[in-house]
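# Dropping the sequence and predicted coords here.
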Amino acid sequence: MIASSKSESDTTTLDAMTPVPFTITKRTQDLADTFTIELEPENRSEGFVFQPGQFNMLYAFGVGEVPISISGDPAKPHKLIHTIRDVGAVTHAISNLKKGNMLGVRGPFGSAWPVEEAIGHDVVIVAGGIGLAPLRPAIDAILANRTQYGRFVILYGARSPSDVLYMKQLQTWRGRLDTYVDVTVDHAGHDWAGNVGVVTRLIGRANFDPHHTKVLICGPEIMMRFTIQELTAQSVDKDDIYVSMERNMKCAIGHCGHCQFGGHFVCKDGPVFPYGRIESLLQVRGL
């Protein structure tokens, strides 16, 4: 029997499924259940090029892998950053790793935030909870080229003051004269001097042109649905609204079908979608 050679598509699939070893160079505990790790490849001469909004599959050796959005600056390709919530077996295993330990990385995968398409427009970022992490690369990219955009608005909501992610960075962004930042929490004690209420309440206070605005949203799906309702009520076109959907991704290349979302595969067609493309699907609860 003559063995058949592997096709180019087989080789490509194999490469995409093979984790590359990265070393943890820094670990930061952001919240009680959320941490950030910085990674560098074994071959440090290779940069890690990605687009804001894309994700990686992180592999904890001997445990498994999990999809995590990239939360670092795309202008710094030698530093791969992920902010992770400890919610399952794989993320818990990763949370126990220390500086110098290794992880497997596959990626980057998926679609990106429309940072270039938004040039010349106002940009509104609406994030809920850990949803700020997948949006941070887009924020970094816009701030690095701030003069190319109109008004820049960042609206962020968390459950409580102790759940506010990237507090110091939010304060830094708020200190800029060219950026509007507003933060709210669902509930707080007497020691919280900021806004209390859902993040959608902040939209009406922000100054932007709804007819020339790109909106990027990431957070719990119920938060995204109500945010979209408020934005469309203010005349923002649904095709100018983009959402990130991270749903049940397992293989990241569309083979396993776990992340099927109607006729889409989140890992290949997303995770970033124009709202107009998935409007009917996002309105179906439990899909």
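Right, received. Where do you want to start? Values in this document were obtained by computation on a predicted structure and should not be read as measured data.
# For the top strand by length along the chain, which helices and strands make contact with it?
Identified as the longest strand of the chain according to DSSP state E is strand 20-31. Under the contact criterion of 3 or more CB pairs under 8 Å, 6 or more residues apart in numbering; DSSP states H and E, strand 20-31 touches strand 34-41, strand 102-109. Using the backbone N, CA and C atoms, a C-beta is placed for each residue, glycine as well.
# Just checking: what are the partner strands of it?
Using DSSP bridges, strand 20-31 pairs in its sheet with strand 34-41 (antiparallel), strand 102-109 (antiparallel).
# Run the chain-centre distance for the first one.
Its chain's C-alpha centre and that of strand 34-41 lie 15 Å apart, by CA atoms, centre = their mean, to the nearest Å.
# Now do that strand: everything it contacts.
20-30, 48, 71-72, 78-86, 94-95, 97, 103, 105, 130, 165 (CB atoms under 8 Å, 6 or more residues apart in numbering).
# ditto for stretch 67-82
The contact list for stretch 67-82 (CB under 8 Å, 6+ apart) reads 22, 25, 36-41, 44, 47-58, 83-84, 105, 107-109, 133-134, 136-137, 140-141, 144, 244, 246, 249, 252, 267, 271.
# Those residues in strands, which ones?
Per DSSP E, strands hold the following members of the contacts of stretch 67-82: 22, 25, 36-41, 55-58, 83-84, 105, 107-109, 244.
# Of those residues, grab the buried ones for ChimeraX.
Buried residues within the ones in strands among the contacts of stretch 67-82, by 16 or more other CB atoms under 10 Å, are selected in ChimeraX with:
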select :22,36,37,38,39,40,41,55,56,57,58,83,84,105,107,108,109,244
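# what about Leu177, neighbour count?
Neighbour count of Leu177, defined by other CB atoms under 10 Å: 5.
# wait, I meant Asp86
17.
# ok, now the one 5 residues further on?
Here the neighbour count serves as a burial measure; for Thr91 (other CB under 10 Å) it reads 19.
# Quick check: nearest residue in space to it, chain neighbours excluded?
Ile84 (5.4 Å; CB to CB, 6 or more residues apart in numbering).
# Could you report the pLDDT at the one you found?
Confidence at Ile84, expressed as pLDDT, is 97.
# With His258 instead?
So, for His258, pLDDT stands at 66.
# about what we covered before: how much distance is there from the longest strand of the chain to the middle of the chain?
17 Å.
# how about the strands in the stretch 151-287 of the chain?
152-158, 180-185, 195-196, 213-218, 241-244, 260-261, 264-265, 272-274 (DSSP state E, counting those that start in this stretch).
# could those strands go into JSON lines alongside distance to Val124?
What follows is the strands of the stretch 151-287 of the chain, written out as JSON lines (distance: least, CB to CB, whole Å):
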{"stretch": "strand 152-158", "distance to Val124": "4"}
{"stretch": "strand 180-185", "distance to Val124": "9"}
{"stretch": "strand 195-196", "distance to Val124": "17"}
{"stretch": "strand 213-218", "distance to Val124": "5"}
{"stretch": "strand 241-244", "distance to Val124": "9"}
{"stretch": "strand 260-261", "distance to Val124": "24"}
{"stretch": "strand 264-265", "distance to Val124": "24"}
{"stretch": "strand 272-274", "distance to Val124": "15"}
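# Of the ones you listed, which is nearest Gln234?
strand 213-218 (9.5 Å; CB to CB).
# and the closest one with strand 152-158, angle?
30 degrees (axes from the mean of the first three to the mean of the last three CA atoms, to 10 degrees).
# where does the stretch 1-150 of the chain dip in pLDDT?
Scanning the stretch 1-150 of the chain with the threshold set as pLDDT under 70 gives 1-15, 44-47.
# ignore the last one, the stretch 151-287 of the chain
For the stretch 151-287 of the chain, the stretches with pLDDT under 70 are 247-270, 280-287.
# For it, just list every one of the helices.
167-174, 221-233, 266-269, 275-282 (DSSP state H, counting those that start in this stretch).
# Which of those sits closest to Gly194?
Of all the helices of the stretch 151-287 of the chain, helix 167-174 sits nearest to Gly194, with 10.5 Å by CB to CB.
# For the closest one, which outside residues touch it?
The contact list for helix 167-174 (CB under 8 Å, 6+ apart) reads 136, 139, 143, 154, 156, 164, 179, 181, 183.
# Among those, name the buried ones.
Those of the contacts of helix 167-174 that meet the buried threshold are 136, 139, 143, 154, 156, 164, 179, 181, 183, by 16+ other CB under 10 Å.
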